[in-house]
Every structure is written in C-alpha cells, then in structure tokens.
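Participant: mind looking at a prediction? Sequence and model below.
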Amino acid sequence: QVQLVESGGGLVQAGGSLRLSCAASGRTFSNYVLGWFRQAPGKEREFVAAVSRGGGSTYYADSAKGRFTISRDNAKNTVYLQMNSLKPEDTAVYYCAASRGVDYTRKDLSIYEYWGQGTQVTVSS
C-alpha cells in the first residue's frame with residue numbers, strides 16, 4: 001500500500017510557474033513508476049508526465065513538453081512537477097499516481113494502482 005499526498009497547487013497568472021509536490025508513505029518508494037495526471041472540469045483525467053523508478057528517464061504528454069519537468073527524490077519519497085509558462089488551459093486538479101510496473105511511457109490510467117487526492121491548479125488569463 002502506498003499513500004500519496006499532493007501539495008503546491010494554487011492560483012497563478014498565465015505565464016507563471018508552480019511546483020507541485022507529492023509525498024509518499026508506505027512501501028518502498030523506489031519500486032514505483034510515478035506519474036502526474038490532471039482533470040479539468042467536464043473532461044476526463046489525462047496523463048501529464050511520468051518518471052522511471054530510478055528517476056533517470058521521463059516521459060511527457062505533448063501538452064507538457066518544454067514547459068513541465070517531472071523529477072523525484074527517492075531519499076525524500078517525493079515526486080515533483082515543475083510547471084512553467086502556465087496557460088489557462090492548464091487549469092485542472094492535478095493528481096500524482098504510483099505504478100508497480102516498469103513502463104513509464106504508458107499514458108493509460110489503468111496501470112497506476114495508487115492515487116493521491118489531488119491539488120487544484122488555476123491559471124488566470
């Protein structure tokens with residue numbers, strides 16, 4: 001069992017930055033691929049980014065490439081999402097998730113067994 005708690009969301013103007021954090025407790029953190037997803041009102045939850053178990057490899061949705069950076073600190077049991085050049089269309093609830101698998105390039109939600117409660121990100125124009 002893994003418990004995930006996100007933080008760092010908030011209200012920011014377009015062009016600004018936010019860093020989301022997700023702290024994990026429970027089983028060995030480094031045994032999990034970690035991902036960030038988001039869900040805007042009226043839309044399905046979508047993949048944003050993922051990082052491999054060791055942190056050396058990352059994968060991004062097209063919408064996040066060049067603006068967002070996912071990273072992890074296995075010593076602190078924490079995964080981060082640095083978001084720069086934010087746009088109003090980035091407004092959503094952001095969730096971190098953990099997968100016992102090894103494939104960090106899959107975007108489907110079904111491979112992630114554990115989820116946080118989400119943190120709201122609102123980008124004003």
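Facilitator: Good, I have the coordinates. Since the model is a prediction, treat every value here as computed from it, not as a measurement. Numbers count the residues shown, from 1 in each chain.
Participant: against residue 95, how distant is the residue nearest the centre of the chain?
Facilitator: Central residue of the chain (Cα atoms, centre = their mean): residue 36, 2.1 Å from the mean position. According to Cβ to Cβ, to the nearest Å, residue 36 stands 7 Å off from residue 95. Any C-beta I mention is one placed from the backbone N, CA and C, and that applies to glycine too.
Participant: what do you get for residue 45?
Facilitator: 7 Å.
Participant: how distant is stretch 26-37 from the center of its chain?
Facilitator: Relative to its chain's centre, stretch 26-37 lies at 11 Å (Cα atoms, centre = their mean, to the nearest Å).
Participant: buried residues of it, list them for me.
Facilitator: Of the residues in stretch 26-37, 29, 32, 33, 34, 35, 36, 37 count as buried by neighbour count, 16 or more other Cβ atoms under 10 Å.
Participant: look at residue 110 and give its secondary structure.
Facilitator: Under DSSP: H, G, I helix; E, B strand; the rest coil, residue 110 falls in the helix class.
Participant: run a quick neighbour tally on it.
Facilitator: Around residue 110 there are 7 other residues, counting by other Cβ atoms under 10 Å.
Participant: just give me the neighbour total for the nearest residue to residue 40 once chain neighbours are set aside.
Facilitator: Closest residue to residue 40 apart from its sequence neighbours, by Cβ to Cβ, 6 or more residues apart in numbering: residue 92 at 4.2 Å. By other Cβ under 10 Å, the residues close to residue 92 number 22.
Participant: ok, now the one 4 residues further on?
Facilitator: Around residue 96 there are 29 other residues, counting by other Cβ under 10 Å.
Participant: ok, now residue 124?
Facilitator: Neighbour tally, residue 124, other Cβ under 10 Å: 11.
Participant: okay, and the beta partners of it?
Facilitator: Beta bridges link residue 124 to residue 13 when assigned by DSSP bridges.
Participant: show residues contacting stretch 94-103.
Facilitator: 2, 4, 6, 9, 20, 22, 24, 31-39, 45, 48, 52-53, 79, 81, 109, 111-121 (Cβ atoms under 8 Å, 6 or more residues apart in numbering).
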